[in-house]
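A.B. asks: quick one, structure for this:
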Amino acid sequence: MTFQETTEARLKLGVHLAEKFLAQKPWANLDPEADVTFEAIMLFFFCKSYKTYQAIAVLWRAGFYEDAPLLTRTLFEIWMQAAYIGKSPKERAREFQEHDPVRMYRAYLALKKHGEHSLTAVFESRHDFAEIERQHYLRDATSHSWWFGRSLHSLANKLGFPFDKEYLVGYWWQSNLVHSSVTSMQHYATDSLELNCHPGNREPGLDVKIAPKSATAYFISITQEISEALHIDMRADVQLAWTGLQALDAVSRTTA
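C.D. replies: Model prediction:
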């Protein structure tokens, strides 16, 4: 198999798994009268990650190889949050929900500080503005920047293996590829200053090639985490996806 064929096979693994999950209609048996905050958040995580995964595939197929790792980072962030919230569903679902007014009001204060009066006026006209303001001042003294704590790094350390290792290896490398750094620069300007500004202009570098593989591994992990948390029997499908990914890894070592 060529590298592109292997990549397509990897991406199809993720799509197949996602459609198997959706076929279960995990929302169908939820009681809207009950407290389904945790379930709703986990379903949101799944839907967000699947759409992100599909966006990575669109970018890759269109030749925007260097931009795929940015979205791959999003999948890692969702995987960590799904794992974290799943360890204490009710309490952490409430934390997730209650942090939103803090986040929104902080944005409002920043706009106000910089004189964005038209935008702050729109915010102030919200019917729930007073409640958002109240909730902010109720919690802001002890609230972190993220709903789960100080930073993504702190969350990775809190969760431990494999998240702490993946943060320092995969996530760090993906960040170097998408931000303004020498690592990223080499994909856009050669030593002779020839520019690579068009999609698919040349074969992606080995460090960029890993994005579809990482994205698929993250997405399988997310689906596994969420299906277990929601008591949806996806064990056979998840195992099949992992087996397929490992088989493609074995092929890629001999091709690309």
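A.B. asks: start to end distance for stretch 157-168?
C.D. replies: This stretch, stretch 157-168, spans 10 Å end to end (Cα to Cα, to the nearest Å).
A.B. asks: gap between it and the chain center?
C.D. replies: Mean-position distance between stretch 157-168 and its chain equals 15 Å (Cα atoms, centre = their mean, to the nearest Å).
A.B. asks: in it, which residues are buried?
C.D. replies: Neighbour counts over stretch 157-168 (16 or more other Cβ atoms under 10 Å) mark 159, 163, 166-167 as buried. C-beta coordinates here come from the backbone N, C-alpha and C atoms, glycine included.
A.B. asks: kindly format the C-alpha coordinates of stretch 239-248 as CSV.
C.D. replies: The C-alpha trace of stretch 239-248 is given here as CSV (Å, rounded to 0.1, in the frame of the first residue of the first chain):
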residue,chain,number,x,y,z
GLN,A,239,-11.2,-3.6,19.4
LEU,A,240,-11.7,-4.1,15.7
ALA,A,241,-10.6,-0.5,15.1
TRP,A,242,-7.5,-0.9,17.3
THR,A,243,-6.6,-4.1,15.5
GLY,A,244,-7.1,-2.4,12.1
LEU,A,245,-4.9,0.5,13.1
GLN,A,246,-2.1,-1.7,14.4
ALA,A,247,-2.2,-3.7,11.1
LEU,A,248,-1.9,-0.5,9.1
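A.B. asks: residue 34: neighbouring residues, count only.
C.D. replies: Residue 34: 8 surrounding residues under other Cβ atoms under 10 Å.
A.B. asks: quick one: pLDDT of it?
C.D. replies: Note for residue 34: predicted pLDDT of 89.
A.B. asks: can you pull the phi/psi pair for it?
C.D. replies: Main-chain dihedrals, residue 34, degrees, to the nearest 10: phi -90, psi 170.
A.B. asks: now for it: which residues touch it?
C.D. replies: By Cβ atoms under 8 Å, 6 or more residues apart in numbering, the contact set of residue 34 is empty.
A.B. asks: next one: the one 3 residues further on
C.D. replies: Contacts were defined as Cβ under 8 Å, 6+ apart; by that measure residue 37 touches 90, 93-94, 96-97.
A.B. asks: same question for residue 151.
C.D. replies: Going by Cβ under 8 Å, 6+ apart, residue 151 touches residue 145.
A.B. asks: for the stretch 1-150 of the chain, give me the ranges with low pLDDT.
C.D. replies: Residue ranges of the stretch 1-150 of the chain with pLDDT under 70: 141-143.
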